[in-house]
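> sequence and predicted structure below; questions after.
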Amino acid sequence: MHSNFEYYYNIDNTRNNLVYTSLMSKDKKTFCQWYYNDGIYHGGQNEVIDPKLMDEKFRREVQYLELMKKYYPELIPKFTVSAKDYKIFLEIDGPDFWNSAKCSIDNYDSVLPNWQDQMIEILKAHKSLGLHKYSMHPSSYFVVNGRLKSMNYFFTYHKSEPWVSIAEVESHLSSNRKEKMKQHLEALCIDWNTPQSWDLMDKLCWNSFRTNYPEEFIEAALNV
């Protein structure tokens with residue numbers, strides 16, 4: 001780890017991401033996604049232990065950040081990539097949206113009053129590019145100069161790709177998220193082990209985030 005960076009955790013001292021190792025510069029101006037299976041950071045609860053899968057996640061992150069940079073540069077942080085180190089450095093202004101809100105849905109508006117409009121704008125950009133992004137937790141955004149910036153594209157698929165089952169992507173999901181998803185499987189007619197359409201996976205994704213976002217936002221997201 002570079003001496004200028006430290007492990008980055010949520011304010012309750014839980015890890016910020018399940019897949020990569022999160023680092024933050026000491027001046028809080030650069031966030032680093034380190035696609036490395038760091039046992040210390042993950043506390044022995046490492047989800048992605050297959051180097052090939054970690055490589056895929058890194059490649060997806062770079063691929064879709066580059067795509068967003070080409071068409072919607074205002075919606076993502078400025079970034080640089082160190083391919084040999086499996087690191088992506090993002091220019092930010094302090095903690096992510098979730099941490100800035102003290103990990104509480106009640107504080108979103110105080111962090112960014114029009115966050116809902118800005119997040120819907122990002123979702124519409126994804127749709128226009130044919131992207132289906134499933135890492136949608138509030139920690140997947142930073143606020144830079146009053147603008148919401150999207151990241152965490154490692155769990156993103158293009159509409160032209162073959163469908164996947166939930167079982168195939170379990171390493172992306174926390175135990176808590178899995179339980180929330182299971183609550184909606186029957187209503188959406190989804191089988192855990194059967195590949196599902198991207199649109200159906202979108203519905204499952206947003207339903208699983210109902211405790212992380214206001215009801216009106218979830219409904220707006222489902223209708224993008």
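Great, that's in hand. Numbers count the residues shown, from 1 in each chain.
> quick one: low-confidence parts of this protein?
Confidence mapping of the chain against pLDDT under 70 gives the ranges 1-2, 47-49, 172, 174.
> which stretches of it form strands?
Listed from the start of the chain, the chain has strands (DSSP state E) covering 5-7, 21-25, 30-34, 79-82, 87-91, 131-133, 141-144, 147-150, 156-158.
> would you mind finding the most buried of these?
Burial of those is given as mean neighbour count (mean count of other C-beta atoms under 10 Å); strand 30-34 ranks first at a mean of 24. (C-beta placed from N, C-alpha, C; glycine too.)
> from the chain's centroid, how far away is it?
Taking the mean C-alpha point of strand 30-34 and that of its whole chain, the gap between them comes to 13 Å (C-alpha atoms, centre = their mean, to the nearest Å).
> turn the strands of the chain into CSV, columns for distance to residue 106.
Putting the strands of the chain into CSV (distance: least, C-beta to C-beta, whole Å) gives the following:
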stretch, distance to residue 106
strand 5-7, 27
strand 21-25, 24
strand 30-34, 24
strand 79-82, 31
strand 87-91, 27
strand 131-133, 25
strand 141-144, 17
strand 147-150, 18
strand 156-158, 29
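> quick one: which of the ones you listed is nearest residue 201?
Of all the strands of the chain, it is strand 131-133 that lies closest to residue 201, at 6.7 Å by C-beta to C-beta.
> check which helices and strands that closest one sits against.
In terms of contacts (3 or more C-beta pairs under 8 Å, 6 or more residues apart in numbering; DSSP states H and E), strand 131-133 is packed against helix 51-71, strand 156-158, helix 198-208.
> format those as TSV; extra columns: distance to residue 166.
Written out in TSV, the entries for these read as follows (distance: least, C-beta to C-beta, whole Å):
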stretch	distance to residue 166
helix 51-71	16
strand 156-158	13
helix 198-208	8
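> for residue 181, find the nearest of the ones you listed.
In terms of C-beta to C-beta, the element of those nearest to residue 181 is helix 198-208, at 4.7 Å.
> mind exporting that closest one as PDB, just the C-alpha atoms?
Below are the C-alpha coordinates for helix 198-208, written out as PDB (Å, rounded to 0.1, in the frame of the first residue of the first chain):
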ATOM      1  CA  TRP A 198     -31.500  -8.000 -17.100                       C
ATOM      2  CA  ASP A 199     -34.700  -6.100 -16.700                       C
ATOM      3  CA  LEU A 200     -35.900  -8.600 -14.100                       C
ATOM      4  CA  MET A 201     -32.600  -8.400 -12.300                       C
ATOM      5  CA  ASP A 202     -33.000  -4.600 -12.300                       C
ATOM      6  CA  LYS A 203     -36.300  -5.000 -10.500                       C
ATOM      7  CA  LEU A 204     -34.800  -7.400  -8.000                       C
ATOM      8  CA  CYS A 205     -31.900  -5.100  -7.400                       C
ATOM      9  CA  TRP A 206     -34.000  -2.100  -6.600                       C
ATOM     10  CA  ASN A 207     -36.400  -4.000  -4.400                       C
ATOM     11  CA  SER A 208     -33.500  -5.200  -2.300                       C
END
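> list the helices and strands that helix packs on?
Using 3+ C-beta pairs under 8 Å, 6+ apart: helix 198-208 touches strand 131-133, helix 175-188, helix 215-222.
> mind checking which of these is nearest residue 12?
Across the helices and strands packed on helix 198-208 (criterion: C-beta to C-beta), the nearest stretch is helix 175-188, sitting at 13.0 Å.
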